[in-house]
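Q: Fold the following and give me the result.
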Amino acid sequence: MRQDIIICDRFGKTFNTSRGPVFVIDSISLNVEENEFLVFFGPGQCGKSTILNCMAGLETATAGNITVNGKKVTMPGPDRGFVYQRLNLFPWLTVMGNVEFGPKVRGVAKKERREKAQYFINLVGLQGFEHAFPNQLSGGMQQRVGIARAYCNDPSVLFMDEPFGHLDAQTRYLMQKDLMNMWEKEKRTVVFVTNNIEEAIFLADRIIVITNCPANIKKEYEIKFERPRSYVASEFLELRQEISSIVDRTL
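A: Numbering: from 1, shown residues only. This next block holds a predicted model:
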């Protein structure tokens, strides 16, 4: 039986602004199991990214509690990796330099960190590009570097905030397949945010549908059908229609 890695207990978030408090997250409670691929899905600007930021420790919950690996989340930690839509790759570092950066900062010996970085570079299909700089890579290749860099830090939880949202449709589809292949080989607990319903169904073990802001859980779907999944399979299309019918309209 898998254990719960993330436990959210009635956590909420309010931002204080010049125009007064803005209530963004409304008392969310859920657990995320070890090696589960959990997807938050909902309309744009509903608070999905804020939920992710609070879990990762990039924002502080203003109500309730969040624990990761049994410890209350108050700040970012090495047990949590993050992949953004717009990557913050270091432009002055090569692919190898970016991927090995975390272990290097932690003082891991050069031989060990290079071997580890090379493993993840190979796993995301970038062998041969170790000495390339980010501006020499396509958007999809840069995203692969970001995923390899996050994995190379060896987090127990990987947060992904619409990582493929800026890619063209074909590259996005290929990245989804590549991410699934990587996750199958190197299991991690993944919490993924998207407003693309096909992407959510293709990737998830479980989908959490989020309401409009202030964000709360509208419904959960446990995805039972096997991987790899087909966008045109009847069960896929039926679930797509069901989820589409309950999603709040974008504000």
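Q: my guess is K219 contacts V209, does it?
A: Yes - using Cβ atoms under 8 Å, K219 is in contact with V209, at 4.7 Å. C-beta: built from backbone N, CA, C; applies to glycine.
Q: what do the two both touch?
A: Between them, K219 and V209 share these contacting residues under Cβ atoms under 8 Å, 6 or more residues apart in numbering: I246.
Q: how about low-confidence regions in the stretch 151-251 of the chain?
A: The stretch 151-251 of the chain contains residues with pLDDT under 70 at 250-251.
Q: K219 and V209: who's more crowded?
A: Neighbours were counted for K219 and for V209 using other Cβ atoms under 10 Å; V209 has more, 21 against 13.
Q: what helices or strands is the host helix or strand of that one leaning on?
A: V209 belongs to strand 206-210 when assigned by DSSP states H and E. The contact analysis (3 or more Cβ pairs under 8 Å, 6 or more residues apart in numbering; DSSP states H and E) places strand 206-210 against strand 37-41, strand 217-222, helix 234-246.
Q: which of the residues in it are buried?
A: Buried residues in strand 206-210, counting neighbours by 16 or more other Cβ atoms under 10 Å, are found at I207, I208, V209, I210.
Q: Widest-spaced pair of the residues you listed?
A: I207 and I210 (9.9 Å; Cβ to Cβ).
Q: which neighbours do the two share?
A: Counting by Cβ under 8 Å, 6+ apart, the residues touching both I207 and I210 are F41.
Q: circling back to that earlier point, between helix 234-246 and the strand holding V209, find me the angle.
A: On the basis of axes from the mean of the first three to the mean of the last three Cα atoms, to 10 degrees, strand 206-210 is oriented at 20 degrees to helix 234-246.
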